[in-house]
Every structure is written in C-alpha cells, then in structure tokens.
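Colleague: mind looking at a prediction? Sequence and model below.
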Amino acid sequence: MSIKSIPSGYEVDCRPQGRSGKRYRKKFKTKSEAIHFERWLISTKNQKEWVNKTKEKRSFRVLIELWFKYHGQQLKSGEKDVKHLLKLDDELGNPKACDVTKTLFSDYRANQLTKGRKATTINRNHYRLSSVFTVLIQSGEINCDHPLQDFLQLKEPSREMGFLSIDEIKILLAALDGDALKIAKLSLATGARWGEAANLKNSHLVSGKVIYVNTKNGKNRTVPIKSELFNEIATGKSGNVFKPCYKEFYQILKSLNFDLPKGQAVHVLRHTFASHFIMNGGNVLILQKILGHSSILQTMKYAHLAPNYLNDAMALNPLSTL
C-alpha cells in the first residue's frame, strides 16, 4: 500500500515505474485526496517509451524514399542528399530499418576510416542518416527508437583556411575579364559565395545594396557596396546580371598557382573577404551578419586574424610581472 496514515493526515509514497524508478511522496489532509493523487501517478508516470514501440521491418531504402517525399524534396540539397543516402544504404549492406543500429554504423565508420575517408565526409552521412529517422518519427510515419540517438559524431580536425593577399588579389583581378571579373569583385566586396553572386538578378540590386536570396541557410541578406561597383554590375535589365562563367574563373584561378589549401577553389573569395575584414579591424558580430552565418561559432574561425588578437598574452603572462 503506497498510502499510509500519518498524524497530520495521509501520505502517498509511490514508485509508479517500479523499484528502480523515481519516488513520489506527497502529504494530504484526507484519504480521498491521497487516493486520487495515487491513481493519477499510476496512470501518468508509469508510461515507458518502449511499451508501444514497433519493430520497423521495412527496408532502410524505403525509409529514404519516404524521407525525400516528406522532407528532402523541400531542401536545396535534397537531390544530392538522397543520392548520398542511397549510396550509404549500399555501403551498409541494404539493411532493414530495424537493423540500422549504432553497432552497424560504428562498423561502417571504422571501415570508411580504414579506407582513408575523411571524418567530415562520414559525419555528413551520419547527419543524413539521423535526419531520415528524425523526420519520419516526428511525422508519425514510423514508431521506433531513433538508432543514432545520443551517438556522437567523429571529431574533425581544424581545416586550414586560405585567403589571398593584396598582391594576389591584384594578380587575380588582372587575369580576369567580363562577368568573371565582375563576380569576383562582388564576392570580394560582400563575402558572397560564388553561386550567390553568379545567380544575382537585376531586381536584387537596390539603392546601392545587393540582396542575396535563396542562400545556403535560406535567409535573405543585404550588403551595401560602393557606387562604382554598383554602377559597373547594374544593367537595369530584367533577369540575371551575369552569364555563367564558373569554369572560366576556376581555370584561371588554378593557372595562377596560388598556395591554397587542398580542396579550396572559388570559396577562397569569401574567405579572403572575411579575413581582410577582420584584419582591418572589423567586428566579428557584424561579419557574422554579412556572411549570413547562423552561428557565431562559424564566424569565430576568423577571429585570430584580428590585429590585437591574444595581445593580452604578452601583458598578462607571469614573466611580465617579475
């Protein structure tokens, strides 16, 4: 009996989830109140998440298709992600959804690392796989435990981030012409990704400002530019401002043999803007807004370039006080 008589009335002392579960104790003046509280505890606090869970016997590939139907097709990267997920399904051995476990994914990670695949690439697949189960569980399409819940991603080493010096910027701009030159100037002036600048429409040029839409995080952002550059790129016509010229720019950039980190190409324009912005005394919070980063942590990777970064190390170390 979880209800006992005490000098001031009655006390409920109950563990609705069993001996190892949480203990609830509460005092009441009347036995009737105590009984009602005990019944409420038993009906609401003894529910265990696994009681109504089912074993999802459909294949993981079917879940991938459902994920794309309900969620993936709405994403900018949806088509790309579903291709990676289907490839991941093959690499996992085309399992049933109920056979996708932490153990299975741990083995996959270990094999991929042995083959030389980078932690960043493996973590992207971790995120994609997790998204499939998260979306379908939340939508009620499946009713099972999330196989990767509380499963940590691999630690990723800090990537080297290259940027162009003033002299290198001059060399690059001198080698370009036409729309490739204009896009490069715009990226260097606003920190835009190549795709954001290259797909700009004339309607996005307003009163000396550039409005970037359909960005990576889905949020529009506006950046002012100098009148000379605005007049240079604004045509006043409808439609796109620039013609496609990615390959032309890429080939010229590579031919200049700048000492850039492996895998970094046109994105160097965005890094160059951000790096020089901070080196010239710019505020990291303003830089976050200009670049459109959703988290300040993304922008802090440029903080070490600030003119006075870590200068306190010289003034506050113990040797300086001797």
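Modeller: Good, I have the coordinates.

Colleague: who does the lengthiest helix in the chain touch, helix- and strand-wise?
Modeller: In the chain, ranked by residue count with DSSP state H as the criterion, the top helix is helix 119-139. In this structure, helix 119-139 packs against helix 60-70, helix 78-91, helix 102-114, with contacts taken as 3 or more C-beta pairs under 8 Å, 6 or more residues apart in numbering; DSSP states H and E. (C-beta placed from N, C-alpha, C; glycine too.)

Colleague: in TSV, list the ones you listed along with mean neighbour count.
Modeller: Shown next, in TSV, are these (neighbours: other C-beta atoms under 10 Å):
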stretch	mean neighbour count
helix 60-70	19
helix 78-91	15
helix 102-114	14
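
Colleague: go through the ones you listed and name the closest to residue 316.
Modeller: Judged by C-beta to C-beta, the one of the helices and strands packed on helix 119-139 that comes nearest to residue 316 is helix 102-114, at 40.9 Å.

Colleague: run through who's touching that closest one.
Modeller: Contacts to helix 102-114, defined as C-beta atoms under 8 Å, 6 or more residues apart in numbering, come from residues 88, 91-92, 95, 119, 121-122, 126, 129, 147-148, 151, 154.

Colleague: still on that earlier bit, could the helices and strands packed on helix 119-139 go into CSV alongside distance to residue 140 and mean pLDDT?
Modeller: Written out in CSV, the entries for the helices and strands packed on helix 119-139 read as follows (distance: least, C-beta to C-beta, whole Å; pLDDT from 0 to 100):
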stretch, distance to residue 140, mean pLDDT
helix 60-70, 10, 95
helix 78-91, 21, 95
helix 102-114, 24, 96
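
Colleague: sorry, back to before: how far off helix 60-70 does the longest helix of the chain point, in degrees?
Modeller: Direction vectors for helix 119-139 and helix 60-70, defined by axes from the mean of the first three to the mean of the last three C-alpha atoms, to 10 degrees, enclose an angle of 70 degrees.

Colleague: contacts for helix 119-139, please.
Modeller: Among residues not part of helix 119-139, those counted as contacts by C-beta under 8 Å, 6+ apart are 60, 63-64, 66-67, 70-71, 81, 84-85, 88, 100, 105, 109, 112-113, 142-144, 146-148, 151, 153-157, 159.

Colleague: quick one on the thing from earlier: for the contacts of helix 102-114, work out which two are farthest apart.
Modeller: Taking C-beta to C-beta as the measure, the contacts of helix 102-114 reach their widest spread between 95 and 119, a distance of 22.8 Å.

Colleague: how far does stretch 216-224 stretch from one end to the other?
Modeller: Its first and final residues considered, stretch 216-224 spans 20 Å by C-alpha to C-alpha, to the nearest Å.

Colleague: for the chain, what spans make up the helices?
Modeller: Secondary structure of the chain by DSSP H: the helices cover 31-44, 60-70, 78-91, 102-114, 119-139, 166-175, 178-190, 194-198, 227-233, 246-255, 268-279, 284-291, 296-299, 312-316.

Colleague: any idea of the angle the fifth one forms with helix 78-91?
Modeller: Pointing back at helix 119-139 there. For helix 119-139 against helix 78-91, the angle between stretch directions is 100 degrees (the same axes, to 10 degrees).
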